[in-house]
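# model the following, please.
(one chain, ligands or ions: 2)
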Amino acid sequence: MRIGIIGATGWLGSALGAGLLSRGIVQPGDLALLNRSGPRPDYHGHADVVWARDVADLVAQSDVIVVSVRPEDWPELALRAEGRLILSLMAGVNARELARCGGRIVRVMPNAAAEIGASYSPFWSAEGVTDTDRDTVRHLLSAIGTTDELSSEAEIDLMTALPGSGAAYPALMAVAMAGFMRAQGVADAIAWRAAEAAVVGGARLLERRITEAPALVAAYRDYRGTTAAGLEAAEAAGFSRAVVAALEAATEKARRMAEGPA
Ligand SMILES: NC(=O)C1=CN([C@@H]2O[C@H](COP(=O)(O)OP(=O)(O)OC[C@H]3O[C@@H](n4cnc5c(N)ncnc54)[C@H](O)[C@@H]3O)[C@@H](O)[C@H]2O)C=CC1
Ligand SMILES: O=C(O)[C@@H]1CCC=N1
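Numbering: from 1, shown residues only. Ligands and ions are numbered 1, 2, ... in the order given. Model (predicted):
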């Protein structure tokens with residue numbers, strides 16, 4: 001099966017291309033790539049991938065087309081892809097709009113952990129997508145992590161807010177934590193290591209047991225010690241409310257983008 005990636009050297013397109021090649025899901029000669037800056041002599045260690053001349057050339061050389069350009073760049077693509085399976089990674093471009101290209105539409109919401117094969121990339125299939133297409137989608141997404149099929153397109157907007165945000169909120173928390181340490185006079189490198197211990201070490205502790213998070217919070221609270229004091233102050237300052245507000249704002253933005261200009 002020939003795969004085409006539009007936006008192949010961008011953040012996500014590149015991560016997907018790397019994952020597809022390194023896992024042998026696609027052979028280099030069956031991977032057609034398009035970007036704005038033109039062909040590169042090396043693509044993730046491969047010289048023999050196919051660089052398309054333009055969108056029409058990419059479509060001609062692909063059975064499945066991954067659209068990994070930013071939402072604002074979608075209209076200018078003027079994609080015509082009759083009979084092709086289209087995987088759109090774009091936030092806020094709805095299936096009705098995508099269907100104008102003539103292909104069978106699947107919307108996927110990956111995240112930046114695709115870079116390390118750890119994206120959770122739920123997808124939603126529009127009308128006309130077959131069970132064979134679904135198998136193809138699952139197979140391709142295994143290149144960057146795990147997936148589930150969603151039952152409604154509306155859930156894609158929710159998935160755009162989370163998990164689409166990827167490392168954004170952990171990074172924001174790390175910035176605030178390291179900032180506190182530095183403000184107390186702690187050396188830069190040590191301040192960052194302290195933040196890393198909480199954000200990265202904490203995340204690793206929760207890996208594959210995230211449903212135990214409430215019990216973990218309760219366990220810390222039970223000490224009635226320093227962390228309990230911190231958790232209480234965080235909640236009093238609106239920590240959980242801030243998380244919900246962030247996810248509401250991101251979901252709302254995705255919905256507004258999908259509705260198009262007022
Ligand atoms: N970066 C992220 O964490 C996530 C991004 N997404 C979605 O994935 C899509 C891609 O995002 P990123 O990879 O982060 O963006 P990016 O800006 O890193 O990559 C987009 C690439 O598309 C290329 N491009 C734009 N117009 C083109 C055209 N006409 N022909 C060929 N190439 C063209 C750009 O030159 C760029 O390299 C976006 O629609 C975004 O909403 C979804 C989930 C997470
Ligand atoms: O921030 C964005 O718009 C992209 C889409 C989802 C995550 N990142």
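# where's whichever residue of the stretch 101-250 of the chain sits closest to ligand 2, which helix or strand?
For the stretch 101-250 of the chain, the residue closest to ligand 2 is residue 164, as judged by CB to the nearest ligand atom, at 3.4 Å. To be clear about C-beta, it is placed using only N, CA and C from the backbone, and glycine gets the same treatment. For residue 164, there is no enclosing helix or strand under DSSP states H and E.
# name the nearest residue to it, sequence neighbours excluded.
residue 109 (4.9 Å; CB to CB, 6 or more residues apart in numbering).
# contacts only, for the one you found.
Residue 109 makes contacts with 89, 91, 121, 122, 123, 156, 159, 160, 163, 164, as judged by CB atoms under 8 Å, 6 or more residues apart in numbering.
# quick one: those residues as TSV, columns for distance to residue 74 and pLDDT too.
Listed next are the contacts of residue 109 as TSV, based on distance: CB to CB, whole Å; pLDDT from 0 to 100:
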residue	distance to residue 74	pLDDT
89	11	98
91	11	98
121	19	98
122	20	98
123	18	99
156	15	98
159	18	98
160	15	98
163	22	97
164	17	98
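# hang on, the earlier thing: quick one: the residue nearest to residue 164 and ligand 1, what's the gap?
6 Å (CB to the nearest ligand atom, to the nearest Å).
# next one, pLDDT for that residue please.
Looking at residue 109, its pLDDT is 98.
# look up how far residue 251 lies from it.
Residue 109 sits 12 Å away from residue 251 when distances are taken as CB to CB, to the nearest Å.
# can you check which residues contact both of these two?
Common neighbours of residue 109 and residue 251 (CB under 8 Å, 6+ apart) are residue 160.
# check contacts around the closest residue to residue 145 other than its chain neighbours.
Distances taken as CB to CB, 6+ apart place residue 119 nearest to residue 145, at 3.9 Å, with adjacent residues excluded. By CB under 8 Å, 6+ apart, the contact set of residue 119 is 15, 110, 111, 112, 113, 141, 144, 145, 146, 163, 166.
# in JSON lines, list those along with secondary structure, neighbour count and distance to residue 243.
Shown next, in JSON lines, are the contacts of residue 119 (DSSP: H, G, I helix; E, B strand; the rest coil; neighbours: other CB atoms under 10 Å; distance: CB to CB, whole Å):
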{"residue": "15", "secondary structure": "helix", "neighbour count": "24", "distance to residue 243": "26"}
{"residue": "110", "secondary structure": "coil", "neighbour count": "25", "distance to residue 243": "21"}
{"residue": "111", "secondary structure": "coil", "neighbour count": "23", "distance to residue 243": "17"}
{"residue": "112", "secondary structure": "helix", "neighbour count": "17", "distance to residue 243": "19"}
{"residue": "113", "secondary structure": "helix", "neighbour count": "17", "distance to residue 243": "19"}
{"residue": "141", "secondary structure": "helix", "neighbour count": "25", "distance to residue 243": "27"}
{"residue": "144", "secondary structure": "coil", "neighbour count": "27", "distance to residue 243": "25"}
{"residue": "145", "secondary structure": "strand", "neighbour count": "19", "distance to residue 243": "23"}
{"residue": "146", "secondary structure": "strand", "neighbour count": "13", "distance to residue 243": "23"}
{"residue": "163", "secondary structure": "coil", "neighbour count": "18", "distance to residue 243": "14"}
{"residue": "166", "secondary structure": "coil", "neighbour count": "20", "distance to residue 243": "15"}
